[in-house]
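Asker: Have a look at this prediction, sequence included:
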Protein chains: 2
Amino acid sequence: MDIQAYMQTLGQQARAASRILVTASTAQKNQALLAMADSLEAQAEFLKAENAKDLAQGKANGLDAAMLDRLTLTDKGIASMAEGLRQIANLADPIGEISDMSYRPSGIQVGKMRVPLGVVGIIYESRPNVTIDAAALCLKSGNAAILRGGSEAAFSNRALASCIKKGLELAELPTAAVQVVETTDRAAVGALITMPQFVDVIIPRGGKNLIARISEEARVPVIKHLDGICHVYIDADADADKAVKVAYNAKTHRYGVCNAMETLLIAESRAAEILPGLVKMYQEKGVECRGCAKAQAIVSMNAASDEDWATEYLDAILSIKVVADVEEAMAHIAQYSSGHTESIITENYTRARQFLAQVDSSSVMVNASTRFADGFEYGLGAEIGISTDKFHARGPVGLEGLTSQKYIVLGDGHIRI
Amino acid sequence: MDIQAYMQTLGQQARAASRILVTASTAQKNQALLAMADSLEAQAEFLKAENAKDLAQGKANGLDAAMLDRLTLTDKGIASMAEGLRQIANLADPIGEISDMSYRPSGIQVGKMRVPLGVVGIIYESRPNVTIDAAALCLKSGNAAILRGGSEAAFSNRALASCIKKGLELAELPTAAVQVVETTDRAAVGALITMPQFVDVIIPRGGKNLIARISEEARVPVIKHLDGICHVYIDADADADKAVKVAYNAKTHRYGVCNAMETLLIAESRAAEILPGLVKMYQEKGVECRGCAKAQAIVSMNAASDEDWATEYLDAILSIKVVADVEEAMAHIAQYSSGHTESIITENYTRARQFLAQVDSSSVMVNASTRFADGFEYGLGAEIGISTDKFHARGPVGLEGLTSQKYIVLGDGHIRI
């Protein structure tokens, strides 16, 4: 197989489909999404049978239990994908939305119209549900999608693609609106990220190394999500109850997620009061605490090294640092944060405002758990990822992140004088 | 001189300055801008004397008249730069603007806050006024700037930098908020565009080749402006007076600008009525018309080749094509346009709507001259360039294009359940 030629063909087809999707009506896009949902449910047995082939292969290839778990399609998982499709059908269509129209002194009327980006390439690893989520978000936002899943999910993704195709056909949309890359050859990724003529943006979802490599090699913009080294800072004027509640939730609600707290910062004036009880709660939950010298002087725990401050554990481990004040907390965050999510716990108005204005992360919070940094919690309806970039899309990326705005000008024969 | 080390130092200083600029007050930024304006006026003689050195060198190096003209600083030019600074001081400060705050079912309040991008690198050619415009827009939007002007303007840019520095000092802002690269070594550009740790975005302003090379080699996002191959389409239902007025203005108001029309498309049903008079007007103005066979059959003019449709003349030349209808016009635009600006002249409601929705350019107009595609005309107050990209900023880029939005979350001890 000539991978370059194959990917070029996918690219051309996607570009052609994207020109049709620009003018697809909201009703037509929703019809496709609902038909996909129906098809997933109708094909549940087929999906599970194809998925079983991936699982068998995965076991034979020695995939670990966590990977096999992520790969597995259950009835519940299929129902949840169908539900996701119906939810996205229910979201407002962002395309064609006109905003900020106003008259200028010259007499022209100027505003902005929201339009699709064009063609979105998504590169992801084992979870097959990404195939459905990504297809749905791209379609609703009027973008053609080229999906490149992991080779370990090849059978599952091909089966899911057949359900997507059914939905597109039923709504009389081009089937090239969503294309699943059919080869597991790694060269396909290299081709996909270097075709600016056919692909407008790449969204990689997966491990840090995958994302770093794609960002390095891509010749098109990448919406990327690197680490989530999130901080909670308990300020001198924190309400102790809120502090304990939020700091406990931010670490223990789920460990392996990017919006979990990895480092707790606490003002020196409150450390002796709050840390002993909080650390006990963590330890009872099975969380290993690693503290700076000052924290260790207050409660017995392991020592945190410099490396700890720069680590996204994604695990039941927490580093704890005692700081003098909000300035030192923000300096620590500026140095070690990955720019994902940080929260201050305080009753102090001025410091809350200062933290909100100065901390340079995609989500900045006051008295709330970092676990809220999520497209659903923010009301985006769905998310295709969380961007730690500042350019274009920042934070949870929903439909709007997959669009652009062009200017529109309405005149009545107006000319420039 | 170790160019890498020098540029790294500029980068580090810019990054440090950007952290201070994030929290600079609106009053402080405006004070700096107004002081720069005063300094420009006070230093007019010095600026002209330094500029004269560049001009002498340019003449000795054989720069052509147009380049020398762009390079020349006159009293009028200096007054206009000062006026530009005062206008930017008068614009609303975009930083800290909070939008879309709303309560979510969980009880948290979520919205967005506008923040600077961080450090902006600007690479430009001979016009020294870019030094002032770029510095002002970056400063007002809370970004640190690294400016790399052309070597032919080195004395002028250094002199302008001294006025900028005076303004920053007076407002007690870090002087590294705006740094002018002091070396004319080309390696400085290579270093500037490959320091993602210090530079968040690059804006190249200059010829097509410069921009293409920078886009190719940059390791940070580039806000770029490639060609301006702009179209006016005179529809079957056009008002003839408006059509002639707009088509004449779009071509002849100024030739060497990116928003000038380069190709006129006209519906077959109106060509015999409108073309003869319009072409006569162009020819009387000294515009060379190059037509397709159908256009040539109506009025005598040179033949347009395929290359003409793909050419940004930036000159008194116009290509003219007779098309069957709006569909053929949009297909031609999709194939040849650079995605800058297109305008339809029509009284037909449905076709106006169709053109607005389907044409994929940064500005799409109805019954208005393409010459309006400009930051001042759109009410942005000033522009740092016009982006033909879809990602991040599209169309004229003003203060907002130099910013990003982060999410902010306000809670009262809220945790994720």
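Answerer: Right, received. Where do you want to start?

Asker: before we move on, what SS does residue A:377 have?
Answerer: Three-state call for residue A:377 (DSSP: H, G, I helix; E, B strand; the rest coil): coil.

Asker: That one is in contact with residue B:106, isn't it?
Answerer: Yes. With contacts counted by Cβ atoms under 8 Å, residue A:377 reaches residue B:106, the gap being 6.3 Å. C-beta: built from backbone N, CA, C; applies to glycine.

Asker: what residues are shared contacts of those two?
Answerer: Counting by Cβ atoms under 8 Å, 6 or more residues apart in numbering or on different chains, the residues touching both residue A:377 and residue B:106 are residue B:416.

Asker: for chain B, what are the nearby residues on the stretch 1-150 of chain A?
Answerer: Counting by Cβ under 8 Å from any Cβ of the partner chain, the positions of the stretch 1-150 of chain A adjacent to chain B are A:19, A:22-23, A:96, A:102, A:104, A:106, A:108, A:110, A:113, A:115, A:117-118.

Asker: Let's see that with 10 Å instead.
Answerer: Listed as neighbours of chain B in the stretch 1-150 of chain A under the rule Cβ under 10 Å from any Cβ of the partner chain: A:18-19, A:22-23, A:95-96, A:98, A:100, A:102-113, A:115-118.

Asker: ok, of those, which come out buried?
Answerer: A:18-19, A:22, A:95-96, A:106, A:108-110, A:112-113, A:115-118 (16 or more other Cβ atoms under 10 Å in any protein chain shown).

Asker: and the residue lying closest to residue A:288 once chain neighbours are set aside, what does it touch?
Answerer: Once flanking residues are discounted, residue A:288 sits nearest to residue A:317: 4.8 Å by Cβ to Cβ, 6 or more residues apart in numbering or on different chains. If you count contacts by Cβ atoms under 10 Å, 6 or more residues apart in numbering or on different chains, residue A:317 has them with A:251, A:255, A:262, A:282, A:287-290, A:302, A:304, A:308, A:311.

Asker: out of the residues of the stretch 1-150 of chain A next to chain B, which are inside helices?
Answerer: A:18-19 (DSSP state H).

Asker: okay, residue A:327: pLDDT?
Answerer: The model reports residue A:327 with a pLDDT of 97.

Asker: hang on, it packs against residue A:354?
Answerer: Yes. Shown here, residue A:327 and residue A:354 form a contact pair, counting by Cβ atoms under 10 Å, at 9.0 Å.

Asker: More neighbours: which of these two?
Answerer: residue A:354 (17 against 12; other Cβ atoms under 10 Å in any protein chain shown).

Asker: got a pLDDT number for that one?
Answerer: For residue A:354, pLDDT reads 96.

Asker: so it is in which element?
Answerer: Using DSSP states H and E, residue A:354 falls within helix A:349-358.

Asker: In a strand, residue A:232, correct?
Answerer: Yes. The assignment for residue A:232 is a strand, going by three-state DSSP.

Asker: okay, now it: neighbour count?
Answerer: Each residue near residue A:232 was counted by other Cβ under 10 Å, and the total is 29.

Asker: how about the nearest residue to residue A:314 once chain neighbours are set aside, phi and psi?
Answerer: Nearest non-adjacent residue to residue A:314, counting by Cβ to Cβ, 6+ apart: residue A:256, 4.8 Å away. Reported as degrees, to the nearest 10, the phi and psi values for residue A:256 are phi -90, psi 30.

Asker: how near is residue A:256 to chain B?
Answerer: Residue A:256 sits 15 Å away from chain B, going by Cβ to the nearest Cβ, to the nearest Å.

Asker: where does the stretch 101-250 of chain A dip in pLDDT?
Answerer: For the stretch 101-250 of chain A, no stretch is flagged by pLDDT under 70.

Asker: Swap in 90 and give it another go.
Answerer: A:125-129, A:183-186, A:205-213, A:215-221, A:224-228 (pLDDT under 90).

Asker: Let me see the contact set for the closest residue to residue A:227 other than its chain neighbours.
Answerer: Distance criterion Cβ to Cβ, 6+ apart; nearest residue to residue A:227, sequence neighbours excluded, is residue A:338 at 3.8 Å. Residue A:338 makes contact with A:225-231, A:258, A:262, A:310, A:312, A:361-362, A:388, according to Cβ under 10 Å, 6+ apart.

Asker: Now the two most distant members of those.
Answerer: Farthest pair in the contacts of residue A:338 (Cβ to Cβ) is A:310 and A:362. Separation: 18.2 Å.

Asker: Looking at those two, which one has more neighbours?
Answerer: residue A:362 (26 against 16).

Asker: re the thing from before, out of the contacts of residue A:338, the closest to chain B would be?
Answerer: residue A:362 (5.6 Å; Cβ to the nearest Cβ).

Asker: check contacts around the closest one.
Answerer: Neighbours of residue A:362 in contact, by Cβ under 10 Å, 6+ apart: A:225, A:228, A:338-342, A:373, A:386-390, A:393-397, B:404-407.

Asker: Okay then, goodbye and thanks.
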